[in-house]
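In: Okay, predicted coordinates and the sequence, questions at the end:
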Amino acid sequence: MSSSSLRSCAMFFLRAHRRAGVELLTDQMVIDYEHTDGGARILLENGRTEEAPVIIAADGLHSVARRKLVGDDVVSSDYVAYRAAVPIDKVRDNGTAEKDVTVYVGPRCHFVQYALRGGEMFNQVAVFESPKALAGKGDWGTPDELDTAFAATCDTVRKGIPLMWRDRWWQMLDRDPIETWVHGRIALLGDAAHPPLQYMAQGAIMAIEDGWVFAQHVARQSIGNPGVPDWDALLASYEAVRVEHCRRVQSTARAWGDLWHLGGEKRLQRNAIMRRRDAHDYGFTDWVYGPTALAPDEEPAMFTPIPLSSARLEEMDVEGALAQTDVEDADAPRSWEASPSDRRLSVHGGTGTVRPAQRRAGPASAPMIWAPPR
């Protein structure tokens, strides 16, 4: 999004807040939350306090409210992400697909590419498992690990890695799902309640849905009842429907990341199952993109998982067997090249390509094909 577009969005929300009588206070650091007889109170870093009948704590992954009310810790996936948004001219000679969302998937890593701003810019995301994180080191996911993680990948990926921003990276963290978001008159919302890993691309929209669901329940209760809302009933309704949906997203995001990064025989089983599926079958994600539920009985049914063990060994082709041998022997010399074949699929309503990120030169075969949400 351009800076002018961001300014337009900011002004739109500012005007909406003013019409609703909402006062926005910037540069306010909340350091504590307290219960009161009639609601809740926040303590600010500057010593001031604010009270309200209800406090919505939407203070992110490292939420002060969650630390106080729940007391759990963030969970590290040991994966890290790098990004780069560059003028598209810088990648035109790299074998990129300018009009597609392309995902290169390999053991312990993946690489995403797609155009931005109507084709003027090109975005890349590189994600990999950090050996330093696995070893328990504090400084993990550093640029040297980025280069090592993708050194044996295909030409297009290797050409994209030098363009990644080197001054920042994002350690992939989430939290375990919790059943209780409401504590008295303090309610968690967004990443404070349900921070996911990025694989389902649902973090921001879940927070928006949280706010929409809460607002819908307030509006419904206000019909024919102009008095003070029954805040306890509203908070209970909000928690009753949102917890289960967001638990599903958090759990599925973890499983999806595991599926992308498989190696060895499990990787071959995954590929065999994916090859059997119709590229336009969205049965695994229909539950995510349907209408937002306002009550527990409106939440759609989940998909039925397909066990990796259901893959027939005869479907694991010669190329797959060769790749399995190489990825399991990390110290062996390797010669990788990009596959000349690819297939199309739908990603977020557009077209995209999924290709193996690591592939040994050998007999050509159809690459794995699946429909990831990111």
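Out: Sure thing, it's come through.
In: separation between Glu298 and Arg242?
Out: 12 Å (CB to CB, to the nearest Å). In this view, the C-beta of every residue, glycine as well, is placed from N, C-alpha and C.
In: the more surrounded of those two?
Out: Each of Glu298 and Arg242 has its neighbours counted (other CB atoms under 10 Å); Arg242 has more, 26 against 12.
In: quick one, what contacts the more buried one?
Out: Trp181, Ala193, Glu209, Asp210, Val213 (CB atoms under 8 Å, 6 or more residues apart in numbering).
In: Report pLDDT for it.
Out: Arg242 is assigned a predicted lDDT (pLDDT) of 98.
In: for Asp281, same thing?
Out: At Asp281, pLDDT is 90.
In: how many other residues sit next to it?
Out: Neighbours around Asp281, by other CB under 10 Å: 13.
In: Make 33 the starting number, not 1.
Out: From this message on, residue numbering opens at 33, which makes the last subject Asp313.
In: Helix or strand: which one has Asp64?
Out: strand 62-67 (DSSP states H and E).
In: ugh, wrong one, I meant Ala184
Out: Applying DSSP H and E, one finds Ala184 in no helix or strand.
In: Gln145 versus that one, what's the distance?
Out: From Ala184 over to Gln145 (counting by CB to CB), the distance is 18 Å.
In: residue contacts, Val214?
Out: Leu220, Leu267, Ala268, Tyr270, Glu271.
In: mind running it again at 7 Å?
Out: Shown in contact with Val214 (CB atoms under 7 Å, 6 or more residues apart in numbering): Leu267, Glu271.
In: in the sheet, who's paired with it?
Out: Beta-bridge pairing for Val214 (DSSP bridges): Ala219.
In: Tell me, what's the model's pLDDT at it?
Out: At Val214, pLDDT is 98.
In: List phi and psi for Ile74.
Out: As for Ile74, its main-chain torsions (degrees, to the nearest 10) stand at phi -120, psi 150.
In: Do a quick rundown of the strands in the chain.
Out: Applying DSSP state E to the chain gives strands spanning 62-67, 72-76, 81-84, 87-89, 107-119, 133-138, 141-148, 153-161, 202-206, 214-215, 218-220, 376-379, 382-388.
In: As a check, name the ranges of all helices in the stretch 133-282 of the chain.
Out: 163-166, 175-181, 187-192, 235-254, 263-292 (DSSP state H, counting those that start in this stretch).
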